[in-house]
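Chemist: coordinates only, no sequence provided:
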Ligand SMILES: O=P(O)(O)OC[C@H]1O[C@](O)(COP(=O)(O)O)[C@@H](O)[C@@H]1O
Ligand SMILES: [Mg+2]
Ligand SMILES: [Mg+2]
């Protein structure tokens with residue numbers, strides 16, 4: 001079985017990008033150790049502070065954020081980073097050639113209940129060395145991403161990664177601390193009978209989305225002529241991992257009081273959309289591809305519908321009232 005770095009070499013990934021991926025993966029294994037300690041150490045619970053989204057910050061949100069920033073600042077190829085937990089971009093090394101966006105801990109509501117957690121990241125190229133870097137440098141569409149991935153802190157520690165040559169999943173071998181290629185060249189089934197939406201918000205969604213969901217729920221009694229099952233982990237990274245492995249449709253629609261839904265474009269929707277499109281799936285905001293969205297702020301939100309191709313295309317049809 002190949003390990004992560006053999007695969008990156010085979011995919012002709014530049015050495016500087018491989019070293020950057022190594023920095024991120026190294027930080028995530030450190031985060032995994034802190035998570036594993038759980039109630040044995042003072043990492044559970046919330047802080048009195050709120051992040052830029054107005055959300056209560058969990059201790060692990062901040063611990064994960066600090067570990068990642070420290071590791072990235074040490075890598076001379078990192079020009080600047082954008083994090084869910086920090087209001088402004090963080091400038092790193094003026095000769096750095098890469099910009100990184102990350103969600104240090106995804107699924108924060110699961111920290112105190114030993115639930116699914118992850119770290120999501122994307123890498124893109126920075127402007128020429130020593131030129132001033134500002135927020136605007138992060139406003140290229142997701143099509144400019146050169147690598148993206150997530151680490152899932154689950155029963156196994158797993159890394160999903162794409163450098164533009166398909167999406168692969170690696171499992172950490174704790175005996176030697178190597179990420180081994182266990183799921184090469186993922187291919188998401190185009191059809192599915194599994195959906196992941198937080199149905200407690202169902203009646204706050206746009207009518208066409210409510211109709212789409214009701215048709216799923218009606219199953220064989222309705223126009224879909226087949227039954228659908230539901231899963232919701234409260235962690236996008238966990239729900240998307242299942243979909244990468246066996247298909248499905250994940251959605252976090254806009255709501256009456258949440259015009260653009262909950263999830264963030266730069267460090268949640270874009271990296272996941274990159275992985276999914278590299279695995280034969282689709283990622284839409286309901287009408288257009290997420291990766292074609294032009295960002296206008298670091299923490300902007302976007303409605304997301306991601307997963308099995310034919311299901312995403314069908315949701316876009318419902319949006320057009322077809
Ligand atoms: O609380 P809800 O509505 O179930 O939302 C869960 C969603 O929010 C998130 O936890 C948001 O991410 P963070 O935990 O990084 O803030 C997603 O991972 C998850 O899909
Ligand atoms: Mg998140
Ligand atoms: Mg988070």
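Modeler: Nice, thanks for sending it over. Only a predicted model underlies this, so the values are computations on that prediction, with no experimental measurement involved. Ligands and ions are numbered 1, 2, ... in the order given.
Chemist: tell me the phi and psi of the residue located most distally from the centre of the chain?
Modeler: Residue farthest from the centre of the chain, counting by Cα atoms, centre = their mean, is residue 221 at 34.6 Å. The phi/psi pair for residue 221 (degrees, to the nearest 10) reads phi -80, psi -10.
Chemist: need the pLDDT of it.
Modeler: For residue 221, the model assigns a pLDDT of 97.
Chemist: next: residue 130.
Modeler: Looking at residue 130, its pLDDT reads 61.
Chemist: quick check: the gap between the residue farthest from the centre of the chain and residue 239.
Modeler: 26 Å (Cβ to Cβ, to the nearest Å). Backbone N, C-alpha and C define where each C-beta goes, glycine included.
Chemist: and residue 6, what element?
Modeler: helix 4-10 (DSSP states H and E).
Chemist: buried residues, that helix. List them.
Modeler: Judged by neighbour count (16 or more other Cβ atoms under 10 Å), helix 4-10 contains these buried residues: 4, 7, 8.
Chemist: again, but for stretch 19-35
Modeler: By 16+ other Cβ under 10 Å, the buried positions in stretch 19-35 come out as 20-21, 23-25, 27-32, 34-35.
Chemist: of those residues, just say which sits nearest to ligand 3.
Modeler: residue 31 (11.9 Å; Cβ to the ion).
Chemist: got the contact list for whichever residue of the stretch 1-150 of the chain sits closest to ligand 2?
Modeler: In the stretch 1-150 of the chain, the residue that lies nearest ligand 2 is residue 106 (3.5 Å; Cβ to the ion). By Cβ atoms under 8 Å, 6 or more residues apart in numbering, residue 106 lies in contact with 117, 118, 119, 120, 150, 235, 236, 237, 268.
Chemist: now check the host helix or strand of the fourth one, is it near ligand 1?
Modeler: It refers to residue 120. If you go by DSSP H and E, residue 120 is part of strand 118-125. No. Strand 118-125 does not reach ligand 1 (Cβ under 6 Å from any ligand atom); its nearest approach is 7.9 Å.
Chemist: could you point out the helix or strand that follows that strand?
Modeler: By DSSP H and E, the next helix or strand past strand 118-125 is strand 145-153.
Chemist: what residues does the stretch 51-200 of the chain have near ligand 3?
Modeler: Residues of the stretch 51-200 of the chain lying near ligand 3 by Cβ under 5 Å from the ion: 84, 103, 105, 106.
Chemist: no further questions, thank you.
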